[in-house]
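Provide a 3D model corresponding to the input given below.
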Amino acid sequence: MNLSKKLKLRVSEIQRYQDYRGLLHHMELNGEISNRMTFDNKETVVWCVNDYLGLMNNKESKQLAAEVSLKYGSAYPHATRATFGETKFHREFEEELADFVNQESAYLLNLGYAGICSIVDALTDRHDTIIYDQAIHACSIDGVRLHNGRKFCFKHNSVAHLETQIKRALKRHDPETGSILVIIDGVYSMHGEQAPLKEIVALKKKYDFCLLVDDSHGFGVLGHSGAGAAQEHDVEDEVDIYVATFTKAIGSLGAFVAGNKTIIDYLRYNTRSQIFSRTIPLSQLLPAQNNLRVLRKEPGRRIKLWNNTIRFQNGLKKMGINIGEPESPVTPIRIIGSIDEGVEVLLDLRNNGVFSYLVCYPVVPKGTCLIRMVPTYNHTTQDIDHTLNVFKKLTKKYPERLLKNHGDEKVVVSIKQTEKQDKGLLIRSATQGGK
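Numbers count the residues shown, from 1 in each chain. Model (predicted):
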């Protein structure tokens, strides 16, 4: 069959929303990344940018980007690290990152998605077993898909089921030839809950496995110094592989992986997405490095972020709006109903000067939608109170969609549902999140 004809018949679940272009996806926000931007020629309070600490528009970092672009060109060094793309700036930044997250060594990744996916692939072979949380991010899922050995999925944040799956894996596992890799997120990007890291780490005393934590939404936000979920749970020494992106808390492109020197040295020479792709240009790297230094010397940014988060989330809870139990700035407004019913709520928000986006199936279960909102350092008390007032109006207009106890039956996504989405690959469907 001709490929074009075949693709007309094979429409993905997400592609079914193509008629909503500009409304649900491919939306155009204008202006500098901040708490207020322009949508459809109107100023609006923006709640969907993961600029946690307000560093995407840091003036000093923007000046650095301009200066290095003028001096070297915006793409310098235009090569892979493994050929002639090495600079002292890359090495220095890696040392700072390793020190910040209390790991022995670190390695820069040009992009978080490709980097994490390729790391999972590089670390495992057909003799190894992967065990992963049902709700890990799509980048890790794609790494699991590349794995040609055994893989097991465990119920989201269920330590008991993780242990069950470890026991199940050990029955088929040869410790002489293979290892077990457990993959979790530090903070889950759709519903904002943290992984039970202390309990998961406790299992390492009973079973021999390697723990990989994707902490893209915890890095810079959690912990007494902002070093992330491992610091928050006081288990930094027990996390074997720590991965985080720069696109959230420190407002730049790129990512990094940290761990002991043996693991990081191996990844330098075996992570295909980095070996065969250009390294982070200095126009992105130096601003990211500067923003990390701002994060470390200005703890007030995290304090304001959390004050804003508490004010916003408590306000929503007091109204009876179902946001679950987030443990991070990620604030999911759960809507019971069809996509069109979710769109009605979304449009009412936008008409009242509040901007976010709607998350639909297959990212969340059928019969529900999610408006994912993210308080940041940049938001003001006025922004928060205005948004809460808008939601107060909407709870009266749509009580059955927004309030608890109005048709809000708990949707349970089973492991069988997760595994069914892609036979033999254990790829989650209804819980798959986006960054």
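
Endpoint to endpoint, stretch 34-44 covers what distance?
For stretch 34-44, the first-to-last residue distance is 10 Å (CA to CA, to the nearest Å).

Flag the shaky bits of the chain, pLDDT-wise.
Residue ranges of the chain with pLDDT under 70: 13-15, 19-20, 22, 405-435.

Spell out which residues make up each domain of it.
Annotated domains of the chain cover 12-46+299-404, 59-297 [automatic domain parsing].

Which of the ones you listed has the highest mean neighbour count?
Across the domains of the chain, averaging neighbours per residue (mean count of other CB atoms under 10 Å) puts domain 59-297 on top, at a mean of 20. Heads up, the C-betas are built off the backbone N, CA and C, glycines and all.

what's the closest of the domains of the chain to residue 53?
Evaluated over the domains of the chain, closeness to residue 53 peaks at domain 12-46+299-404, with 4.5 Å, by CB to CB.

Straight-line length of that closest one, end to end?
32 Å.

Relative to residue 263, how far out is the closest residue to residue 261 other than its chain neighbours?
Leaving aside its chain neighbours, residue 261 sits nearest to residue 105 (4.6 Å; criterion: CB to CB, 6 or more residues apart in numbering). Using CB to CB, to the nearest Å, residue 105 is found at 8 Å from residue 263.

quick one, what contacts residue 387?
Residues near residue 387 by CB atoms under 8 Å, 6 or more residues apart in numbering: 45, 47, 312, 354.

Output the contacting helices and strands for the biggest helix by length in the chain.
For the chain, the helix with the greatest residue count under DSSP state H is helix 300-318. Using 3 or more CB pairs under 8 Å, 6 or more residues apart in numbering; DSSP states H and E, the elements in contact with helix 300-318 are helix 282-297, strand 331-336, helix 381-397.

For that helix, what is the distance to the chain centroid?
Computed by CA atoms, centre = their mean, to the nearest Å, the chain-centroid distance of helix 300-318 equals 20 Å.

Now do the strands in the chain.
Remark: strands assigned in the chain by DSSP state E are 29-30, 36-39, 42-46, 105-109, 129-133, 150-154, 180-185, 210-214, 241-245, 255-259, 331-336, 354-355, 357-359, 368-373.

which helices and strands does the last one pack with?
In terms of contact count using 3+ CB pairs under 8 Å, 6+ apart, strand 368-373 is assigned the packing partners strand 331-336, helix 339-351, strand 357-359.

Which strands and helices lie in contact with the second one?
Going back to what we said before, that points to helix 339-351. When contacts are defined as 3+ CB pairs under 8 Å, 6+ apart, helix 339-351 sits against strand 331-336, strand 357-359, strand 368-373, helix 381-397, helix 399-402.

Just the angle for it relative to strand 42-46, thanks.
If you take axes from the mean of the first three to the mean of the last three CA atoms, to 10 degrees, helix 339-351 sits at 110 degrees to strand 42-46.

What residues does the residue nearest to residue 217 when sequence neighbours are not counted make contact with?
The shortest distance from residue 217 to any residue other than its chain neighbours is 3.8 Å, reached at residue 187 (CB to CB, 6+ apart). Listed by CB under 8 Å, 6+ apart, the contact set of residue 187 reads 193-195, 215-218, 221-222, 229, 327-328, 330.

can you check residue 393 too?
Applying CB under 8 Å, 6+ apart to residue 393 gives the contacts residue 352.

So it versus residue 336, what's the distance?
Taking CB to CB as the measure, residue 393 and residue 336 are separated by 18 Å.

Check residue 248 too.
29 Å.

Residue 222 now?
From residue 222 to residue 336 the distance is 30 Å (CB to CB).

quick revisit: identify the residues contacting the longest helix of the chain?
By CB under 8 Å, 6+ apart, helix 300-318 touches 52-55, 220-221, 226, 294-295, 323, 326, 328-329, 331, 333, 373, 375-377, 379, 381, 384, 387-388, 391.

now do 6 Å
Here helix 300-318 makes contact (CB atoms under 6 Å, 6 or more residues apart in numbering) with 52, 53, 226, 323, 329, 331, 375, 377, 379, 384, 388.

Please apply the same query to stretch 24-37.
Contacts for stretch 24-37 (CB under 6 Å, 6+ apart): 17, 38-39, 43, 45-46, 49, 51, 56-57, 358, 378-379, 383.

for these, which one is nearest residue 176?
residue 51 (48.0 Å).

What separation is there between the closest one and residue 376?
From residue 51 across to residue 376, the span is 5 Å (CB to CB).

same question, residue 395
Distance from residue 395 to residue 376, by CB to CB: 24 Å.

Same question for residue 57.
11 Å.

distance between stretch 365-373 and the chain's centre?
17 Å.

now do stretch 372-384
Here stretch 372-384 is found 19 Å from its chain centre; the criterion is CA atoms, centre = their mean.

swap in stretch 36-47?
How far stretch 36-47 lies from its chain's middle: 24 Å, per CA atoms, centre = their mean.

With stretch 40-55 instead?
The chain centroid and the centroid of stretch 40-55 are separated by 17 Å under CA atoms, centre = their mean.

Touching stretch 188-207 from outside, list them.
135, 157, 159, 163, 166, 184, 186-187, 217, 229, 233, 235, 238, 324, 326-328, 330, 332, 433, 435.

okay, the longest helix of the chain in PDB with CA atoms only?
Taking C-alpha atoms only, helix 300-318 is exported to PDB below (Å, rounded to 0.1, in the frame of the first residue of the first chain):
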ATOM      1  CA  GLY A 300      13.900  34.000  47.600                       C
ATOM      2  CA  ARG A 301      12.900  32.900  44.100                       C
ATOM      3  CA  ARG A 302      11.900  29.400  45.400                       C
ATOM      4  CA  ILE A 303      10.200  30.900  48.500                       C
ATOM      5  CA  LYS A 304       8.000  33.200  46.300                       C
ATOM      6  CA  LEU A 305       7.300  30.300  44.000                       C
ATOM      7  CA  TRP A 306       6.100  28.100  46.800                       C
ATOM      8  CA  ASN A 307       4.100  31.000  48.400                       C
ATOM      9  CA  ASN A 308       2.300  31.500  45.100                       C
ATOM     10  CA  THR A 309       1.700  27.800  44.700                       C
ATOM     11  CA  ILE A 310       0.200  27.500  48.200                       C
ATOM     12  CA  ARG A 311      -2.000  30.500  47.800                       C
ATOM     13  CA  PHE A 312      -3.300  29.300  44.400                       C
ATOM     14  CA  GLN A 313      -3.800  25.600  45.300                       C
ATOM     15  CA  ASN A 314      -5.400  26.400  48.600                       C
ATOM     16  CA  GLY A 315      -7.800  28.800  46.900                       C
ATOM     17  CA  LEU A 316      -8.900  26.200  44.400                       C
ATOM     18  CA  LYS A 317      -9.300  23.500  47.200                       C
ATOM     19  CA  LYS A 318     -11.500  25.900  49.300                       C
END
